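S.K.: Here is the input, now give the coordinates:
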Amino acid sequence: MARRPSIVFVCQECGAQSPKWLGRCADCGAWNSFVEERAPDPQASAAAAHRYSLAGATGSARLYSDIEIEQHARLTTGIDEFDRVLGGGIVPGSLVLLGGEPGIGKSTLLLQAAANLARSLGPVLYSSGEESEHQIKSRGERLAVGRAPLYLLAETCLERILEEMARIRPALVIVDSVQTVFSLKFQSAPGSIGQVREAATQLLFAAKGQNVPTFLVGHVTKDGSLAGPKALEHVVDTVLYFEGERHHSHRVVRAVKNRFGAVSELGVFEMTAAGLRAVPNPSKLFLAERPANAPGSAVLCSVEGSRPILVEVQALVSSSTFGNARRMASGIDQQRLALLLAVLEKRAGLNLVGDDVFVNIAGGMTVDEPASDLGVVAAIASSVRNRVIPASTAMFGEVGLAGEVRGITQASLRVREAAQMGFSRCIMPEANLDPALEREPFRRAEDRDRPVGAAPDDAALHRAGACELIGVRTVGEALDFLMS
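M.R.: Residues are numbered from 1 along each chain as shown. As a prediction, this is how the structure comes out:
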């Protein structure tokens, strides 16, 4: 007599299981997140567990000193900004997860990278569960893919995708998206926690076993986090987020996890009719439309990963016409803005209780590091006092609750970027002042193409004057200097 398959209810947020349906998950607190699934056969799971090994046929433990490190050259995608985010290129055998909102350009970026790799390395497999081959090719014609050995597969069955990987032996595999892939071993619908976990695990061992780099496209939830179980982010080697505003032409790819490179690395792209174009100088892009002699505008030096970026902070303070003053922030944390406003009222003597405060990072950029505090504070004070901050002044520094300006990391990198972009004065924490930093011959943006050891002409020397560094200890000192 055939045994009746057991039924379990699995939370789609955290993976908790229950023998009956629950309105709220007792582990993570999510509402209406339980979905009915069939529990896998324990005997079948145990029989298939032995092939989940990356150590070869034996799978036995080896002595640390006996293991030889194999050096593999990274694979370049032909897109400099994408290679930067990945840590210098694609590591063979790695599993990369790329997430982002619908329509932001994930498929476009991966199709461009797949075409470049196909021309230089050989066959590339692009498996899509959301588009047909004709739809992908119509986009490829716009991106000038040409006759590159790029194989398109419109398939959602995991076993079928693995068969094509074994047949084609591609140099790169792209699965768009992992939420549409299902395994025949599970009866649940595609996108459920069991299916996503199985698809990611099977693709991981296929990538490691065949030494083929694999990219997975992931959906995101309403709050911007990756959909599916959190175990999906633990399985993959690299997690990338594709960010950007629909009303802006630029896009940002941010690395939040990378086993082979720097975390929080940033790549900036511009969306054009011919696809995504890399932006080698993001500071110039974000400061291109900066208004002149406008109160409430300040330039801060931010660092994303290993890249310094100058962005404009805009603040508008106006009298509130209602009983409750509004505080709105775009590009920075709302709670951080409330903290900085309290510091300005208590330590700098600014009365902001009855005023509406609006703060925006121009260009749609998101800045979440503490070094941006001084720029936000300066922009708010400039709007309140209706005083213009000099256009040649940049700043950075963390503001504490006592009103002190604390030192931050990578100060020399920020100052160098400000000097290269033409800023002649930099307000920074006094703790970051270094005599060696003051003597460094910073170069302007016009001299970037000149080698470091080459001597510029007289005009270049006139443009590349020393950047004046001014250290401050408190918010009051910084505002007194900026508003004087």
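S.K.: The top strand by length along the chain: which residues count as buried?
M.R.: Using DSSP state E to define each element, the chain has its longest strand at strand 307-319. Under the neighbour-count criterion of 16 or more other CB atoms under 10 Å, strand 307-319 has 307-317 buried. Using the backbone N, CA and C atoms, a C-beta is placed for each residue, glycine as well.
S.K.: What of stretch 172-190?
M.R.: 172-183, 185-188, 190.
S.K.: which one is Leu150 nearest to, not counting chain neighbours?
M.R.: Leaving out its chain neighbours, the residue that sits closest to Leu150 by CB to CB, 6 or more residues apart in numbering is Ala118, at 4.6 Å.
S.K.: how about that neighbour, phi and psi?
M.R.: For Ala118, the backbone dihedrals (degrees, to the nearest 10) come out as phi -60, psi -40.
S.K.: Also the one 3 residues further on?
M.R.: Here is the backbone geometry of Leu121 (degrees, to the nearest 10): phi -110, psi -30.
S.K.: Likewise for the one 5 residues further on?
M.R.: Per-residue torsions, Tyr126: phi -110, psi 110 (degrees, to the nearest 10).
S.K.: where do the helices sit along this structure?
M.R.: 42-48, 80-85, 106-120, 133-142, 158-168, 193-210, 231-235, 282-286, 334-347, 373-385, 411-420, 435-438, 458-463, 475-483 (DSSP state H).
S.K.: Distance to Thr221 for these - can I get that in JSON lines?
M.R.: Shown next, in JSON lines, are these (distance: least, CB to CB, whole Å):
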{"stretch": "helix 42-48", "distance to Thr221": "29"}
{"stretch": "helix 80-85", "distance to Thr221": "22"}
{"stretch": "helix 106-120", "distance to Thr221": "15"}
{"stretch": "helix 133-142", "distance to Thr221": "25"}
{"stretch": "helix 158-168", "distance to Thr221": "23"}
{"stretch": "helix 193-210", "distance to Thr221": "13"}
{"stretch": "helix 231-235", "distance to Thr221": "13"}
{"stretch": "helix 282-286", "distance to Thr221": "27"}
{"stretch": "helix 334-347", "distance to Thr221": "19"}
{"stretch": "helix 373-385", "distance to Thr221": "28"}
{"stretch": "helix 411-420", "distance to Thr221": "34"}
{"stretch": "helix 435-438", "distance to Thr221": "43"}
{"stretch": "helix 458-463", "distance to Thr221": "48"}
{"stretch": "helix 475-483", "distance to Thr221": "37"}
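S.K.: Determine which of the ones you listed approaches Leu63 most closely.
M.R.: Ranking the helices of the chain by their distance to Leu63 (criterion: CB to CB) puts helix 193-210 first, at 21.2 Å.
S.K.: Mind listing residues that contact the closest one?
M.R.: 10-12, 15, 35, 37, 40, 51-52, 54, 93-95, 158, 161-162, 165-166, 169, 173, 175, 178-179, 181-183, 185-186, 188-189, 212-214, 216, 228-229, 231-232, 235-236 (CB atoms under 8 Å, 6 or more residues apart in numbering).
S.K.: Which members of the residues you listed occur in strands, if any?
M.R.: Short answer: these in strands (DSSP E) are 10-11, 35, 37, 95, 173, 175, 214, 216.
S.K.: May I see these organised as TSV, with pLDDT and distance to Glu101 added?
M.R.: Converted to TSV, the ones in strands among the contacts of helix 193-210 look like this (pLDDT from 0 to 100; distance: CB to CB, whole Å):
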residue	pLDDT	distance to Glu101
Val10	84	26
Cys11	84	24
Val35	82	24
Glu37	79	28
Leu95	96	22
Val173	97	24
Val175	96	19
Thr214	97	22
Leu216	96	16
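S.K.: closest to Tyr64 among those residues?
M.R.: Leu95 (24.4 Å).
S.K.: Can you report how many residues lie near the residue lying closest to the closest one once chain neighbours are set aside?
M.R.: The shortest distance from Leu95 to any non-neighbouring residue, by CB to CB, 6+ apart, is to Val236 (4.6 Å). Applying other CB atoms under 10 Å, we find 24 residues neighbouring Val236.
S.K.: got it, and the one 5 residues further on?
M.R.: Other residues within reach of Tyr241, judged by other CB under 10 Å, total 22.
S.K.: and the closest residue to it other than its chain neighbours, how many neighbours does it have?
M.R.: Nearest non-adjacent residue to Tyr241, counting by CB to CB, 6+ apart: Arg254, 4.8 Å away. Arg254: 18 surrounding residues under other CB under 10 Å.
S.K.: Just list the residues touching Arg254, thanks.
M.R.: Arg254 sits next to 85, 240-241, 243, 264-267, 304 when contact means CB under 8 Å, 6+ apart.
S.K.: Filter those down to the buried ones.
M.R.: 85, 240-241, 243, 264-267, 304.
S.K.: I figured Ala30 hits Ala16, correct?
M.R.: No - using CB atoms under 8 Å, Ala30 is not in contact with Ala16, being 9.3 Å away.
S.K.: between those two, who's got more neighbours?
M.R.: Ala16 (18 against 14).
S.K.: Can you list the low-confidence ranges for the stretch 151-300 of the chain?
M.R.: 229 (pLDDT under 70).
S.K.: Quick check: the two most widely separated of the ones in strands among the contacts of helix 193-210?
M.R.: Longest span within the ones in strands among the contacts of helix 193-210, CB to CB: Cys11 and Val173, 29.9 Å.
S.K.: Which segments of the chain make up each domain?
M.R.: As assigned by automatic domain parsing, the chain contains the domains 7-41, 74-280, 284-483.
S.K.: Please compute how far the shortest one lies from its chain's middle.
M.R.: Between the centre of domain 7-41 and the centre of its host chain there is 31 Å, according to CA atoms, centre = their mean, to the nearest Å.
S.K.: same thing with stretch 192-207?
M.R.: Distance, centroid of stretch 192-207 to centroid of chain: 23 Å (CA atoms, centre = their mean).
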